[in-house]
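Engineer: Here's a sequence, model it:
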Amino acid sequence: MSAIKQIISTCYFESAKRLRHCSRNKKHLISKNEKCFVVKEQMNKKSYCMECALIILNKAKQDINELYDQCD
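Structural biologist: Residues are numbered from 1 along each chain as shown. Take a look at the predicted model:
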């Protein structure tokens, strides 16, 4: 049996090792040691503050639910 296809890109939470700017909203700062959401896209890593992470994850959840609904 073949492996199950991974459709979600590599993403995870980590503690920032230095001050960062949120990739979605540059006005949002991520302080050193603050939890942030990281998405790896090819050779790039984008960091998001927790406020924006929730928006991104909620959108992804909606998209997955729409795909489930199309399975019927």
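Engineer: Going by neighbour count, list what's buried in the strand ranked longest in the chain.
Structural biologist: When the chain is parsed with DSSP state E, its longest strand is strand 35-41. Residues 36-39 are the ones in strand 35-41 that count as buried (16 or more other C-beta atoms under 10 Å). (C-beta placed from N, C-alpha, C; glycine too.)
Engineer: Give me the next element, helix or strand, following it.
Structural biologist: Once the chain leaves strand 35-41, the next helix or strand it forms, by DSSP states H and E, is strand 44-48.
Engineer: Now that following strand: buried residues?
Structural biologist: 47-48.
Engineer: And for stretch 47-59?
Structural biologist: 47-49, 52-53.
Engineer: how far out from the middle of the chain is stretch 41-60?
Structural biologist: Counting by C-alpha atoms, centre = their mean, to the nearest Å, stretch 41-60 is centred 3 Å from the centre of its parent chain.
Engineer: The nearest residue to E34 once chain neighbours are set aside and N65, how far apart?
Structural biologist: Closest residue to E34 apart from its sequence neighbours, by C-beta to C-beta, 6 or more residues apart in numbering: A16 at 5.4 Å. A16 sits 31 Å away from N65, taking C-beta to C-beta, to the nearest Å as the criterion.
Engineer: Likewise for N25?
Structural biologist: Taking C-beta to C-beta, one finds N25 at 25 Å from N65.
Engineer: Name the residue in those two with the higher neighbour count.
Structural biologist: N25 (13 against 10; other C-beta atoms under 10 Å).
Engineer: Wait, a helix at that one?
Structural biologist: No - assessed with DSSP: H, G, I helix; E, B strand; the rest coil, N25 is coil; it does not lie in a helix.
Engineer: Cross-check the contact I'm expecting between the residue nearest to E34 and S31.
Structural biologist: Yes - using C-beta atoms under 8 Å, A16 is in contact with S31, at 6.7 Å.
Engineer: Could you check which of those two is surrounded by more residues?
Structural biologist: A16 (17 against 12).
Engineer: Quick check: the more buried one vs Q6, distance?
Structural biologist: In terms of C-beta to C-beta, A16 sits 26 Å off from Q6.
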